[in-house]
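1. the sequence and its predicted three-dimensional model are supplied below.
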Amino acid sequence: MPRCHYKSYKGIVSLARGLRRNQTPSEDMIWQLLRKKRISGYKFLRQHPLFYKIDGERIEFFIADFYCAGLKLVIEVDGPVHKKRGIYDSIRDSKLNNKGIMVVRILNEELADINYAISKLTQIISQRETEISCMQ
């Protein structure tokens, strides 16, 4: 997508919609578990833009695979491409952590066992629930 689309909120939302239409099989699997509050009772959004700096014409943002505002939790599904983007991902994670948003990464390989995936998601959500209640 041309860079000019990233200078406006409308362009960023359009990019996120495109990602929703073209999600990976792993993202679809997680979405089927999280949608409609199925696992935890918390609402998750998929391919949701999170803005962390708006400076004049430049907008710094991150499109989270899955985001829960109630828990301030991002769940990222990492495929092979993320092995080459470790530094980039860690910088993004750090920026979101500074805003109080926890980022959890799940590898595609972990999704081979659906019961393990459900257990891991339940554990992550429960842990974050505890952390959020302690902060209040």
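-> Good, I have the coordinates.
2. residues in contact with the residue positioned nearest the centre of the chain?
-> Centroid check for the chain by C-alpha atoms, centre = their mean gives Ala64 as the closest residue, at 3.0 Å. Contacts of Ala64 were listed using C-beta atoms under 8 Å, 6 or more residues apart in numbering, and they are Leu45, Gln47, His48, Pro49, Leu50, Val74, Ile75, Glu76. Using the backbone N, CA and C atoms, a C-beta is placed for each residue, glycine as well.
3. where does the protein have low pLDDT?
-> 1-7, 57, 80-84 (pLDDT under 70).
4. for the helix or strand encompassing Ser119, name the packing helices and strands.
-> For Ser119, the element it lies in under DSSP states H and E is helix 114-135. Applying 3 or more C-beta pairs under 8 Å, 6 or more residues apart in numbering; DSSP states H and E, one finds that helix 114-135 makes contact with helix 25-34, strand 73-78, strand 102-107.
5. which of these is buried the deepest?
-> Per residue and on average, the most neighbours among those fall to strand 73-78, with a mean of 22 (mean count of other C-beta atoms under 10 Å).
6. identify the bridge partners of the residue nearest to the centre of the chain.
-> Per DSSP bridges, the residues bridged to Ala64 are His48.
7. how much space between Glu131 and Ile75?
-> The gap separating Glu131 from Ile75 is 15 Å, by C-beta to C-beta, to the nearest Å.
8. of all the helices and strands packed on helix 114-135, which one is nearest Ser8?
-> Comparison of the helices and strands packed on helix 114-135 against Ser8 by C-beta to C-beta identifies strand 73-78 as nearest, at 22.9 Å.
9. adjacent strands (with direction) for the closest one?
-> Going by DSSP bridges, the partners of strand 73-78 are strand 58-68 (antiparallel), strand 102-107 (parallel).
10. neighbours of Pro49, how many?
-> Pro49: 17 surrounding residues under other C-beta atoms under 10 Å.
11. give me the nearest residue to Ser8, chain neighbours excluded.
-> Ile59 (7.7 Å; C-beta to C-beta, 6 or more residues apart in numbering).
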